[in-house]
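[1] here's my sequence, what's the structure:
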Amino acid sequence: MDDLPAFIAIETGDDGDLPLSIAWTLPDGRVKHTLIQPDDEWLDDELVSLGAYSLEELSSMGVSPLDVIRELETDHFNATLYTAGVGDDEAALSRLFETYGLDPFVELAPAESLYADLAPGDWSRARGELFGELGLEPLRPEEEIQVMLTLHQRLGNADL
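    Predicted structure coming up:
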C-alpha cells in the first residue's frame, strides 16, 4: 500500500453538521475511529439530533472534540484528506474547530478526484456497489473508510 491517500469520514446528526463519530486512515492503512462527546453549546438547540446515539452513549464512550482535533493534528497536520461527502464533512469538521476558535489545519477533497481516468459517476457507482458487496453501511464512518480503502486498492490494480 505505497502512497496510500488519507481518507476521512464523519457521521453527523440529522441537522448535517453535528459531529457524532469520526474515522480516518493512518499512513499504514489502519483506521482510527471514535465517537465524539458533544460540546454543551452543541446541545443548546432542543431540536438537536444525535442520530442513532444517546447522549449518555456519546458522553461515556466518546472523546472530547479537542482530543479529536489533537489526534487529527498528530496524524494529518497540513494534509489533504479525501472524503466521499466533502460538504457534509467540511461542515462537521468546521464545527469541531470553531468550538475552540481554531482554523482547520486539514483540507478536504473529493475521493473521486484521486482517479482522473474514471468517467464522472463511475467512482460513486463503484462505491455504492461495494457497500452492498461488503454488507456495510454508508452512514458509519469506519465502514465508509473501509469501502474507500478497498475501492482504492481495486482501482490501483484494475480498471472499473
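[2] all helices of the protein, in order?
    55-61, 65-76, 86-98, 122-134, 141-157 (DSSP state H).
[3] surely H152 and L4 touch.
    Yes: using C-beta atoms under 8 Å, H152 makes contact with L4 at a distance of 7.3 Å. All C-beta spots, glycine's among them, are computed from the backbone N, C-alpha and C.
[4] on that earlier part again, can you redo the helices of the chain as CSV with mean neighbour count, distance to W24 and mean pLDDT?
    Shown next, in CSV, are the helices of the chain (neighbours: other C-beta atoms under 10 Å; distance: least, C-beta to C-beta, whole Å; pLDDT from 0 to 100):
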stretch, mean neighbour count, distance to W24, mean pLDDT
helix 55-61, 12, 18, 92
helix 65-76, 17, 7, 96
helix 86-98, 18, 10, 90
helix 122-134, 14, 17, 95
helix 141-157, 19, 7, 92
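[5] quick one: which of those helices is nearest S21?
    helix 141-157 (5.2 Å; C-beta to C-beta).
[6] tell me the angle the lengthiest strand in the chain makes with helix 86-98.
    Criterion DSSP state E: the longest strand present in the chain is strand 19-25. Counting by axes from the mean of the first three to the mean of the last three C-alpha atoms, to 10 degrees, strand 19-25 points 110 degrees away from the direction of helix 86-98.
[7] who does strand 19-25 pair up with?
    strand 8-12 (antiparallel), strand 31-35 (antiparallel) (DSSP bridges).
[8] looking at that strand now, give me its mean pLDDT.
    For strand 19-25, the mean per-residue pLDDT is 96.
[9] with respect to burial, which of the strands paired with strand 19-25 scores highest?
    strand 8-12 (a mean of 27; mean count of other C-beta atoms under 10 Å).
[10] one step back: contacts for the longest strand of the chain?
    Residues outside strand 19-25 that contact it (C-beta atoms under 8 Å, 6 or more residues apart in numbering): 4-13, 31-36, 38, 50-51, 53, 58, 65, 68, 72, 75-76, 81, 92-93, 95-96, 140-142, 144-145, 149.
[11] let's have the helices of the chain in a markdown table, adding distance to P110.
    Below are the helices of the chain laid out as a markdown table (distance: least, C-beta to C-beta, whole Å):
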| stretch | distance to P110 |
| --- | --- |
| helix 55-61 | 28 |
| helix 65-76 | 17 |
| helix 86-98 | 5 |
| helix 122-134 | 9 |
| helix 141-157 | 11 |
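[12] returning to that earlier point: roughly how far is the longest strand of the chain from the heart of the chain?
    Distance of strand 19-25 from the chain centroid (C-alpha atoms, centre = their mean, to the nearest Å) equals 5 Å.
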